[in-house]
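Colleague: Got a predicted model here, sequence first, then my questions.
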Amino acid sequence: MFPTPIEKQSRAAQLTYQSLLPIALLMWLAPLLAVALFSIKPDADFTNANYWGLPSSFEGLTNYGKVFFESDMPRYLLNSVLITVPTVIGAVALSTMTGFALGVYKFRANLWIFFMFVAGNFVPFQILMVPVRDLTLELGLYNTKTGLVLFHIAFQTGFCTLFMRNFIRALPFELIEAARVEGVSEWRIFWYVVLPLMKPALAALAVLIFTFIWNDYFWAVVLTQGSESQPVTAGITSFNAQYRAAYHLMSAGSIVAALPPVAMFFLMQKHFIAGLTLGAVK
Amino acid sequence: DLSGDLKIFLDTSNPAPRATMEAMIARFQEKHPDLNIETTVIDREAYKTQIRNFLTADTPDVATWYAANRMRPYVEAGLFEDVSDLWAEPEIAENLASTKGALTIDGKQWGVPYTYYQWGVYYRKDIYEELGLTEPTNWEEFKANCQKIVDSGRACFTIGTKFLWTAGGWFDYLNMRTNGFDFHMDLAAGKVSWEDERVKQTFMNWKELIDMGAFIDNHQTYSWQEALPFMVNGEAAGYLMGNFAVAPLREAGLTDDQLDFYQFPVINPDVPLSEDAPTDTFHIPANASNKEAAREFLRFVVSAEEQTEINSGKNLGQLPVNAKSAVDDDKFLKEGFAMLSSNSPGGVAQFWDRDAPAEMAKVSMEGFQEFMVKPENLDKILAKLERARGRIYQ
Amino acid sequence: MSGLKLSNVIKRYGDVQVIHGVDLEIEDGEFCVFVGPSGCGKSTLLRMVAGLEETSEGQISIGGRDVTHVDPAERGVAMVFQTYALYPHMTVEENMGFGLKMNGVPKAEIKQKVGEASRILKLDDYLKRKPKALSGGQRQRVAIGRAIVRGPEVFLFDEPLSNLDAELRVEMRVEIARLHKEIGATMIYVTHDQVEAMTLADKIVVLRLGNIEQVGAPMDLYRDPDNKFVAGFIGSPAMNFVEGVVEEGGTVRMPGLGDAVAPASVALPAAGSKVIVGLRPQHIRVDPEGDSHTVDITESLGGVSYVYANAANGDRLVVEAREDDPMPRGGKVGLSFDPANLFFFDAETEKRIR
Amino acid sequence: MSGLKLSNVIKRYGDVQVIHGVDLEIEDGEFCVFVGPSGCGKSTLLRMVAGLEETSEGQISIGGRDVTHVDPAERGVAMVFQTYALYPHMTVEENMGFGLKMNGVPKAEIKQKVGEASRILKLDDYLKRKPKALSGGQRQRVAIGRAIVRGPEVFLFDEPLSNLDAELRVEMRVEIARLHKEIGATMIYVTHDQVEAMTLADKIVVLRLGNIEQVGAPMDLYRDPDNKFVAGFIGSPAMNFVEGVVEEGGTVRMPGLGDAVAPASVALPAAGSKVIVGLRPQHIRVDPEGDSHTVDITESLGGVSYVYANAANGDRLVVEAREDDPMPRGGKVGLSFDPANLFFFDAETEKRIR
Amino acid sequence: MADTAALQTSVDTRSWFHRNQQRIAPWLFLAPGILFFLVYVIFPVFQSFNLSLYEWDGLGTKEYVGLRNYEDLYWEFVDRDAFYVSLKNNLIWLLLYLLAIPAGLMIALFLNQTVTGIRLYKSLFFFPFVISQVVVGLVFSWLYDPTFGLLNVMLGWVGLGPINVLGNENLVTYGIIAAGLWPQTAYCMILYLTGLNAVDPEQIEAGRLDGAKGMRMLWHVVLPQLKPATFIAFVVTIIGALRSFDLISIMTQGGPFGSSRVLAYYMFEVALSEYGFRMGYGAAIAVVLFLIMLCFIAYFLWSMYQEEKGR
Ligand SMILES: Nc1ncnc2c1ncn2[C@@H]1O[C@H](COP(=O)(O)OP(=O)(O)OP(=O)(O)O)[C@@H](O)[C@H]1O
Ligand SMILES: Nc1ncnc2c1ncn2[C@@H]1O[C@H](COP(=O)(O)OP(=O)(O)OP(=O)(O)O)[C@@H](O)[C@H]1O
Ligand SMILES: [Mg+2]
Ligand SMILES: [Mg+2]
């Protein structure tokens, strides 16, 4: 292990390290803490220029209440969920299949198709903006959640395929051969043998994609408009436009918008790191 | 009577205007109970890009927009319905004559206005009184007032140029006062060089204010709303704005005793006064399906009663477009109405970003912002604008 | 009748040919072991029989049926992999029954067959466990159980014991031998372990560079190798080889063996030509009185010792000495042997001279 | 003078103690091998000598210098890891010279030392290659070279050959023995391979559960084990153990050996008490005429064969038969042995009864 | 052995599909993914190339203008206009964004311990990555706020005058990059943490015996082993830098006076913002951005190809 484990060092070093950790964390997360602080402050603190001090009164309930009951936030949140969840399911499903095909079968075009996905994944997505917007318009999906979901699924498939294929490559190939010798059809090998083994990858990928999609702003702006279909990232900007300079509300709104991926990450943390180790950093 | 569906798209997304419009539509619904009205309100900023999409696909029957150059691309693309027939009706022809020009392209009318508002200087009357100042009527007084305010440790004007257009307002006024309405319109139409001496004169006047510290610092990082607190707190004494600024200022606690308005003063006595008065409009998309109902709705909107109602102080708080309607008993509205109807002989402009083509508006307003921060870059900025002019108006 | 026949089987990967026309017949119920150095094509050949690799040319038939282009599942073979290839997410029971389940065998029948196999392999207590919770030997047994359950005509094993430690390896080896006795199916077994090959096989196939060098019963290969490669490959410690010069009168002089001259009752080449002479370590005795060789190192394993002795001409010989044999204490020694134990090989072709 | 001394060395991981006070002295230039079953603490002890694990209690001194709390780099030791631990991004040359470079040795000197080591290990042709482009045996040599270059007082090896295949293992084993002769440094070598331990060691240390069971020269342990554990651990195939009942008159009756009664010239416990009797496979002969045992399986390896015979009481014995010994053809056989070769152990403490 | 008879008879009755399933299966598995990807990613790339040869406002008909859009870009570049600024800023982004890699490594090394609660610390340190850039942008705008921002408060403590980071055309890009580095560093950190997990402990020990310590150990022994993590970190950072849009859009909208634009934002502005709708021109900018990115894509694919070949 590098660096030398702290428990092998002197007592003083251990103490220094133990006390340095929370300090470093505080500094690292200071901006976030500030927002959290803002979000429970009363309006008056800002007019009185009490930006960074302690809140003069605890207004968390009022502020968050306003966000939830007097704005479009709940609707944006719901939109985000309705966009993110189908995308995660769709992208993971598609890429599990492509990853399986590319990871397991040997055929001439294999590497080229794989490279197509990888290259596509790294394309600056701005180059897709105009054509995709037109395509979505033509399909009559402009400003619908479906339009956004379809695009996200397609675009994320690139990254997910890279991830899944590498993961499947790391599985022992004998498992598939064993099943073939036993007369299991290819589809059933996928379903009964490979899929159950991919659980960590599925979890890791789900978290990653959830984060990516939840936090997507660009495509939300390009493909949707208005509170009936925009996700929370775009919503928060119009929310902020509405409550311009109402820092306490903007903060509360931001925290609300940031919470789901954070929660998701916390819940799936273990799988996430395991999956990353196997899939991405190989 | 009218039947079928009527789809209305609105960009009046702020709470008060939204309620006003919804109430108005409800009244229209009452009149036409068989009509199935469907209203969609879209965020004002988003609306500006979304209109491109809904005019071609999933088209409503009525949509809000802005007059003058701002509607030109859609007119030229054949996306707006020609409503000259409405303007031929005596009711409209007589009462809406003053705004007809703003809605005319190629001799035809493409929509109807529903509100407009004056621009001018809103100022802190209490501070003026404290410093013994009066409303200026000419450039010298204007500057002298400003000097005194600056000396008292305040800024004369607050402004937030992050979204650029506020600087466009200053340019509108300085240029119209310096060179006159026609010159201003020629400039917007690309007929005059940006490196013209007259344009430079406008900027030199502006520079005088900048150099004396008339504007608040760091305005490039604020939006127009974020600049309001400076006025509320008394750190700045005035704000060149549209009448919509009154509501938030009042909301922030300024009473009518503290807040007042004056017309932007004369700079060049040789040119007649002209004003900015942006007009907001209703249009029928060319692809609309229920144009009959849409026309009826337009007639309804511009009717004298509705105009009185929706523009009243408790609603939009702006000026009615129908000559027959009453202006609300609000000191700013009255003053504005008087100013526009009697003290604007030079003409009425829509606003810089509506009068100039979008691309030019963007580039030039960026230039204005840069100029306000770095006046010494003027030559560079003008050269850049001139290059842009060469590209944009070909 | 489930014998196996390979006729002129060839395998190419792109341009490289790795199996060069193998002909082989394996009787029904026979235990056949493929041995050979790493990379010689053992696994490839086995996988071609299984159908996991396509056969480039030639024909494979199992039980008289041509299966050259038949799906692995339909060849009636079962395979046990070096890494066991157990499905980690299934219990032992599910692992063993998976193939049957996927082929639509009724549940009751699966249960009965799995039960039978687990009884044979003494896995009854572990049926509900996942592979992770099993020791290496138990996993290996499950892998075998999975093969048994399907009741194949032919079992294929690819170095099934190489992941076990020495002790377990011995145990499982005996187990596999017993299994073969019990179910009597044809088995093909790949290994590069001497001992496994010698002890398990009815028939050993020695492969080298994609060709068969010799096929035969273990002791036949040991006693009567066809060429130097087989002679050196079978038997541990490996056979010693020294140079020999044919002399007039059908004798061979061997400088590496203390210039000993041995009569050869075989068809030697012309006098003066060179031959290679082989002699197993077990067939040499150390003579503490001699001085033809220098003892380099002596390794004592308890029961036996290996003496590494260098001849004057640089040839190096290994001598296996028993506990009760006279042991050299370093320095010079002589070696003695029975000329009947000598093998002669052609110096060029390395073929045995008989 | 670079002998090594461990005094009451203890290792704890948190609450679990894994080394329980080991005392050991290793002479300068001695080749010492640690053996023992998996998990007994061999690696831990070695790593404590290297300084890679802290010593919880006790003292370690090298060449008379107390190094218990000295940095690994400053103990004058070099270590060869099981996985070689070559730096994959450096060439062979860089790998070997890295330690010197880190210690600021001038370039020319590094070059000279690396050259010397690579000559000894015959690595000259591979100096510019990366480890990836080397075979297992070559990698192992580089790992050893890296140790040699630093000219340490003590070499530490942790199962250095266990990743090589059988053939290479033999080759490298001989190489290490020769190396020890050539440079004469003190070496400590961990293995669980019987043969390596027996052939390489000057002194074998048998560990079990963090304790030393016995220390001694290989043949001493083989001939004179202190307890059943050592007796069973040293020697391959392992010693057979059967139950024995002490009879009046200093004899022992062994049901597992065909109810044979053997005289014992040792201090046996009271008549009627049980003892454990050990007998090595080499010391048994099959008697085809007898019928006390049933032959289970016979494994023939060429030179030797192993006969697995079951006694009537279920005891199972392994007999090593030579090529020229009479071989049973299955069925009933008898066994014969020389009572002098029997070992007796206390049934409770498993200590040797001498 | 009874089953084999059953197997035998079934051979011929099974369908063509069944017999060829190994050949067909990959294509069936690939079909939906490839279809989606072609329609939404691959074709649009070519459409963009095509569109960049047209002038189009998104409403009327397209007008073929050949390379005029590129010519305009060229002149913008020569005149040091928006395109030049965007390109320059993109390069600054590319360079400075890479700081996330050493920073992430440092934090990863700092956190690569096994004290109690370290897992919680690790995940808290990863937080910024999970948070939307929109929120990050907002938070940093407040941090930089010229009147009340914490930055100026702290500068005040050490007696330095207030600075308006986002209002200063020379500082603004660096200010936004600093905001972007925060989540990106967290990303690199997690990559390195997983990478450090995979470092061969025996090599570290060999290094210790060889007398390598601290920085020298890091440089000679650890970093070479972290190469895969570094590689991925490099790739995602480069891509992140070139794609940077959200932060600029939130924090400055490209301002003040366009000095914080990058290509990605500029093309959005040109093609889709309130004053924009020059689709062809936007596409031309995208093509330029694509060509820059292509260098990195090619490098990435090339090194992947090398690796695949090595298998
Ligand atoms: N997919 C492949 N492409 C090209 N060559 C291959 C492929 N698979 C195996 N080979 C080559 O075929 C030859 C035989 O390989 P095979 O795996 O059958 O050897 P083996 O005898 O099983 O060796 P080992 O004892 O190491 O398992 C080797 O030279 C190998 O390099
Ligand atoms: N870091 C650790 N924490 C707790 N226990 C440990 C640790 N390292 C080793 N042990 C325990 O110490 C004991 C000795 O381990 P060690 O690795 O020395 O065994 P070994 O004799 O080398 O075994 P093998 O032959 O398998 O290598 C084992 O029981 C092991 O579980
Ligand atoms: Mg193989
Ligand atoms: Mg160990």
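Modeller: Yep, that arrived. Ligands and ions are numbered 1, 2, ... in the order given.
Colleague: rest of the way, CA atoms for contacts and neighbours
Modeller: OK.
Colleague: Centre-most residue in the chain?
Modeller: Using chain A. residue A:211 (0.9 Å; C-alpha atoms, centre = their mean).
Colleague: Chain E was what I was after
Modeller: Within chain E, the residue whose C-alpha comes closest to the C-alpha centroid is residue E:240; the distance, by C-alpha atoms, centre = their mean, is 2.2 Å.
Colleague: follow-up on the earlier one: these two touch, right, the residue nearest to the centre of chain A and residue E:127?
Modeller: No. Using C-alpha atoms under 8 Å as the test, residue A:211 is too far from residue E:127 to be in contact (11.2 Å).
Colleague: hmm, back to that, Three-state assignment for the residue nearest to the centre of chain A, please.
Modeller: At residue A:211 the chain is in helix, as set by DSSP: H, G, I helix; E, B strand; the rest coil.
Colleague: Touching, residue B:127 and residue B:237? I think so.
Modeller: Yes. Contact between residue B:127 and residue B:237 holds when scored by C-alpha under 8 Å: they sit 6.7 Å apart.
Colleague: out of the two, which sits in the busier spot?
Modeller: Between residue B:127 and residue B:237, counting by other C-alpha atoms under 10 Å in any protein chain shown, residue B:237 is the more crowded of the two (28 against 20).
Colleague: Could you pull up the contacting residues of the more buried one?
Modeller: Contacts for residue B:237 (C-alpha atoms under 8 Å, 6 or more residues apart in numbering or on different chains) come out as B:123, B:124, B:127, B:128, B:149, B:154, B:155, B:156, B:157, B:158, B:231.
Colleague: Ok, residue B:238 next?
Modeller: Counting by C-alpha under 8 Å, 6+ apart, the residues that residue B:238 touches are B:121, B:122, B:123, B:124, B:156, B:157, B:158, B:231.
Colleague: now swap in residue C:275 and tell me
Modeller: If a contact means C-alpha under 8 Å, 6+ apart, then residue C:275 has C:243, C:244, C:245, C:246, C:344, C:345, C:346, C:347 as its contacts.
Colleague: Let's see which of the residues you listed end up in helices.
Modeller: Judged by DSSP state H, helices contain none of these.
Colleague: Let me have these in CSV, extended by neighbour count, distance to residue A:240 and pLDDT.
Modeller: Shown next, in CSV, are these (neighbours: other C-alpha atoms under 10 Å in any protein chain shown; distance: C-alpha to C-alpha, whole Å; pLDDT from 0 to 100):
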residue, neighbour count, distance to residue A:240, pLDDT
C:243, 21, 94, 90
C:244, 27, 97, 91
C:245, 20, 100, 91
C:246, 23, 102, 91
C:344, 27, 95, 93
C:345, 24, 93, 94
C:346, 18, 93, 92
C:347, 17, 92, 90
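Colleague: So which of these are in strands?
Modeller: C:243, C:244, C:245, C:246, C:344, C:345, C:346 (DSSP state E).
Colleague: give me the element the nearest residue to the first one once chain neighbours are set aside is part of.
Modeller: Distances taken as C-alpha to C-alpha, 6 or more residues apart in numbering or on different chains put residue C:276 closest to residue C:243, at 4.9 Å, once the chain neighbours are dropped. When secondary structure is defined using DSSP states H and E, the element that contains residue C:276 is strand C:274-279.
Colleague: Please enumerate the helices of chain A.
Modeller: Listed in chain order, the helices of chain A (DSSP H) span A:11-39, A:43-47, A:60-69, A:73-104, A:110-122, A:126-138, A:145-170, A:173-181, A:186-188, A:195-197, A:199-214, A:218-223, A:232-242, A:247-279.
Colleague: and these as JSON lines, adding mean pLDDT and distance to residue B:245?
Modeller: Shown next, in JSON lines, are the helices of chain A (pLDDT from 0 to 100; distance: least, C-alpha to C-alpha, whole Å):
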{"stretch": "helix A:11-39", "mean pLDDT": "88", "distance to residue B:245": "26"}
{"stretch": "helix A:43-47", "mean pLDDT": "76", "distance to residue B:245": "19"}
{"stretch": "helix A:60-69", "mean pLDDT": "86", "distance to residue B:245": "24"}
{"stretch": "helix A:73-104", "mean pLDDT": "93", "distance to residue B:245": "26"}
{"stretch": "helix A:110-122", "mean pLDDT": "89", "distance to residue B:245": "46"}
{"stretch": "helix A:126-138", "mean pLDDT": "87", "distance to residue B:245": "36"}
{"stretch": "helix A:145-170", "mean pLDDT": "90", "distance to residue B:245": "35"}
{"stretch": "helix A:173-181", "mean pLDDT": "90", "distance to residue B:245": "70"}
{"stretch": "helix A:186-188", "mean pLDDT": "89", "distance to residue B:245": "66"}
{"stretch": "helix A:195-197", "mean pLDDT": "91", "distance to residue B:245": "61"}
{"stretch": "helix A:199-214", "mean pLDDT": "87", "distance to residue B:245": "35"}
{"stretch": "helix A:218-223", "mean pLDDT": "86", "distance to residue B:245": "28"}
{"stretch": "helix A:232-242", "mean pLDDT": "77", "distance to residue B:245": "14"}
{"stretch": "helix A:247-279", "mean pLDDT": "80", "distance to residue B:245": "20"}
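Colleague: Thank you kindly, that will do.
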